[in-house]
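**Q** Need a 3D model of the following:
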Amino acid sequence: MSATTQSTFNIMDELSAWGKTLPSWQSFLLSKLVTEVDLPDKVIDEIFAEYLIDQNLASSGANRMVCNMTLPQFQVNEPTVVSTLTAISSVSGVNALAADQTLSFGPKLTVVYGPNGAGKSGYARMLKSACFTRSKDTGILGDVKLAKDKQPKPTATFSFDDGSSITFVHQEPCQRLRDGFAVFDATCVRVHLDGVLRRNPK
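**A** Sure, this is the predicted structure:
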C-alpha cells in the first residue's frame with residue numbers, strides 16, 4: 001500500500017465534543033475512560049459521587065470533580081501521512097538484538113517466529129514502547145551480557161513504504177509511531193480483563 005495524504009481526524013476531539021452533550025457524571029466517566037489505563041476504586045467512587053450529584057441524591061455542599069479530557073495537540077488542517085511500516089533496522093540497546101540485522105514486514109501479514117532467545121520479544125517490546133498500546137508492559141530490556149552502566153539507550157530505525165524513515169529513541173515520544181500504529185498483545189487483554197474481574201468478581 002502506498003502512502004496517502006488525508007485530512008486529520010482526531011478521535012479525541014470527537015469524544016470531547018460528544019462528552020459536552022452528556023450529563024456531568026457521564027462526561028466525567030468518559031474523561032477517565034480516555035485518560036486512564038484502568039479505573040481504580042478511587043476513580044469509581046468519584047464517578048459515583050458525580051452520579052449522586054446529578055440525581056440530587058448527594059449531601060448538601062458536595063463538590064463536583066474537575067473534568068479534564070487531555071487532548072493531543074495538532075496543527076489545524078495539517079495533513080496526515082498514512083503509510084505502512086516496512087522494516088526495523090539499526091537496533092541498539094534492545095536485548096541482544098544484532099545491530100546489523102533488519103526485520104522486514106510484508107504488505108499484509110508478517111509472521112515472526114523462532115526458538116526461545118531468538119529476539120521475538122525484543123522486537124515486540126520495542127514496538128509497544130514506540131507505538132500506541134494499552135499494555136502497561138512497555139519497558140525494554142538490555143543485553144544481559146553487558147554491565148548496567150554499559151547499556152546503550154535503546155534506539156532503532158523504523159522505515160516506511162513511502163521511502164521515509166525515523167529514529168526511535170526509547171522514552172522519547174514519536175507522534176508518527178504513536179498516532180499511526182497500535183500494538184495489541186496478551187498484556188493488553190489483561191489490562192481489560194483484570195479491571196472487569198475486579199469490578200465483577202464471580
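**Q** hang on, isn't V34 packed against W18?
**A** No. Shown here, V34 and W18 do not form a contact pair, counting by Cβ atoms under 8 Å, at 10.8 Å. To be clear about C-beta, it is placed using only N, CA and C from the backbone, and glycine gets the same treatment.
**Q** So between the two, which is more surrounded?
**A** V34 (15 against 12; other Cβ atoms under 10 Å).
**Q** Can you classify the more buried one as helix, strand or coil?
**A** In the three-state summary, V34 is assigned as helix, counting by DSSP: H, G, I helix; E, B strand; the rest coil.
**Q** ok, now how distant is it from F28?
**A** From V34 across to F28, the span is 11 Å (Cβ to Cβ, to the nearest Å).
**Q** Same question for S164.
**A** Taking Cβ to Cβ as the measure, S164 falls 41 Å from F28.
**Q** Looking at these two, which one has more neighbours?
**A** Applying other Cβ under 10 Å to S164 and F28 shows that F28 carries more neighbours, namely 25 against 12.
**Q** Quick one: residues contacting the more buried one.
**A** 46-47, 50, 65, 67 (Cβ atoms under 8 Å, 6 or more residues apart in numbering).
**Q** Out of those residues, which end up buried?
**A** Among the contacts of F28, those classed as buried by neighbour count (16 or more other Cβ atoms under 10 Å) are 46-47, 50, 65, 67.
**Q** What about those residues, which are in helices?
**A** Secondary-structure check on these using DSSP state H: residues within helices are 46-47, 50.
**Q** now the buried ones among the contacts of F28 as JSON lines including distance to K108?
**A** Supplementary listing: the buried ones among the contacts of F28 in JSON lines, determined by distance: Cβ to Cβ, whole Å:
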{"residue": "E46", "distance to K108": "45"}
{"residue": "I47", "distance to K108": "42"}
{"residue": "E50", "distance to K108": "46"}
{"residue": "M65", "distance to K108": "46"}
{"residue": "C67", "distance to K108": "42"}
